[in-house]
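Asker: Using only what follows, build the 3D model:
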Amino acid sequence: MQTVQTAFWVVAMLVILAIAFDFMNGFHDAANSIATVVSTGVLKPGHAVIFAAGFNLLALFIFHLSVAATVGKGIVQPGIVDTHVVFGALMGAIAWNIVTWIYGIPSSSSHALIGGIVGAVMAKSGASALVMGGVLKTVAFIFISPVLGFVLGSLMMVLVSWICLRSTPSKVDRWFRRLQLVSAGAYSLGHGGNDAQKTIGIIWMLLIATGYTAASDPLPPTWTVVCCYTAIAAGTMFGGWRIVKTMGQKITKLKPIGGFCAETGGALTLFLATALGIPVSTTHTITGAIVGVGSTQRASAVRWGVAGTIVWAWVLTIPAAAAVAALAYWVSLLLF
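Answerer: Numbers count the residues shown, from 1 in each chain. Model (predicted):
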């Protein structure tokens, strides 16, 4: 009886830690949803985070839990995950998020979590314990999602510029200030739909490993879905102001028409990835789209030095989070 009670409290504490990560994901990645709409002056920061959080929560009713299934069942071989692995994975992801938030670097909470899972699992059982198909699919989209965001963002900018060729600048600005509310809402919807599911996935993984949910269940418990979507929406309302400045002002100067095109290109990329069950980075996606929009004006419109710093953060995310996760896994074994 004592063993079951102890196991329950361990699981409960890890669920709370996972929800804390989800909240952190929201405020860390709030910049992805609101940076363009704030930097163009369409919404004030306080209104923007409430607006984005509402669409994060709305995603609960729209997207199938394909991404949660990939994280929960498609990254690690059955029977490998235990409470130490989950603790290590979450600590690796949280540590990387804190470091990049302090320095205002837009990095991927998604890949920090995947890196954390990979690091903790390898510390326990080596690379053979990973489902390489799921890992490689996720790693591939580190490169595919920003490229797709770049292509869609730049194509949208070219198309919209051609459509508006005979319109006056004031008329274009007026229309796209309204349309940017639509594109920002769509991007926030995609942000909630993809990112909240990653935390649902790791909680699902934990519940299966500890026997609280059967591996054969097609969906995670409803309470995990509600809690994770609520947590990411609350985190978005908290706002990641350090990163908003980098995303909205330092990469390239955006007007409402550019913000609309970047957000629309990014949203389409997120919708596609979520439908395919692929955990992607909202940071990578919107950065690629912003760079794509800026590059259609002229190459010098993009501050490539800032973009390069962001890319380096992307490259380091998985190995850095994996290293911290492996260390946290070993510490967990010693302490518990």
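Asker: mind listing the helices for the stretch 51-200 of the chain?
Answerer: Taking DSSP state H, counting those that start in this stretch, the helices of the stretch 51-200 of the chain run over residues 66-73, 83-102, 109-125, 132-163, 169-209.
Asker: Please identify the deepest-packed of these.
Answerer: helix 109-125 (a mean of 27; mean count of other C-beta atoms under 10 Å). All C-beta atoms are positioned from the backbone trio N, CA, C, and that covers glycine.
Asker: For that helix, C-alpha coordinates in PDB please.
Answerer: This file holds the C-alpha atoms of helix 109-125, laid out as PDB (Å, rounded to 0.1, in the frame of the first residue of the first chain):
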ATOM      1  CA  SER A 109      10.700  24.600 -26.400                       C
ATOM      2  CA  SER A 110       9.600  21.700 -28.600                       C
ATOM      3  CA  HIS A 111      13.000  20.600 -29.500                       C
ATOM      4  CA  ALA A 112      14.200  21.300 -25.900                       C
ATOM      5  CA  LEU A 113      11.600  18.700 -24.800                       C
ATOM      6  CA  ILE A 114      12.600  16.200 -27.500                       C
ATOM      7  CA  GLY A 115      16.200  16.700 -26.600                       C
ATOM      8  CA  GLY A 116      15.400  16.200 -23.000                       C
ATOM      9  CA  ILE A 117      13.700  12.900 -23.700                       C
ATOM     10  CA  VAL A 118      16.500  11.700 -26.000                       C
ATOM     11  CA  GLY A 119      19.200  12.600 -23.400                       C
ATOM     12  CA  ALA A 120      17.400  10.900 -20.500                       C
ATOM     13  CA  VAL A 121      16.600   7.800 -22.500                       C
ATOM     14  CA  MET A 122      20.200   7.500 -23.800                       C
ATOM     15  CA  ALA A 123      21.500   7.900 -20.200                       C
ATOM     16  CA  LYS A 124      19.400   4.900 -19.200                       C
ATOM     17  CA  SER A 125      19.500   2.500 -22.100                       C
END
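Asker: I'd like the average pLDDT over it.
Answerer: Average pLDDT, helix 109-125: 92.
Asker: now swap in stretch 44-52 and tell me
Answerer: 82.
Asker: swap in stretch 138-150?
Answerer: For stretch 138-150, the mean pLDDT works out to 87.
Asker: ok, back up a step: out of the helices of the stretch 51-200 of the chain, nearest to Thr269?
Answerer: Thr269 lies closest to helix 132-163 among these, at 4.7 Å (C-beta to C-beta).
Asker: re the thing from before, I'd like the helices of the stretch 51-200 of the chain as TSV, with distance to Trp9 appended.
Answerer: Rendered in TSV, the data for the helices of the stretch 51-200 of the chain read as follows (distance: least, C-beta to C-beta, whole Å):
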stretch	distance to Trp9
helix 66-73	22
helix 83-102	11
helix 109-125	20
helix 132-163	30
helix 169-209	13
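Asker: Of all the ones you listed, which one is nearest Ala289?
Answerer: That would be helix 132-163 among the helices of the stretch 51-200 of the chain, by C-beta to C-beta, at 3.4 Å.
Asker: part of a helix, is Asp217?
Answerer: No: if the criterion is DSSP: H, G, I helix; E, B strand; the rest coil, then Asp217 is coil and not within a helix.
Asker: Thr224 is nearest to which of the helices of the stretch 51-200 of the chain?
Answerer: Nearest to Thr224, of all these, is helix 169-209, at 4.9 Å by C-beta to C-beta.
Asker: Okay, angle between the closest one and helix 83-102 too, please.
Answerer: 160 degrees (axes from the mean of the first three to the mean of the last three C-alpha atoms, to 10 degrees).
Asker: now the angle from helix 169-209 to helix 66-73?
Answerer: Going by the same axes, to 10 degrees, helix 169-209 makes 30 degrees with helix 66-73.
Asker: Quickly find the element holding Glu26.
Answerer: Careful, residue 26 is Gly; it's not Glu. Using DSSP states H and E, Gly26 sits within helix 2-39.
Asker: Counting by contacts, list what that helix packs against.
Answerer: Counting contacts by 3 or more C-beta pairs under 8 Å, 6 or more residues apart in numbering; DSSP states H and E, helix 2-39 is packed against helix 45-58, helix 83-102, helix 109-125, helix 169-209, helix 222-238, helix 241-245, helix 256-275, helix 282-297.
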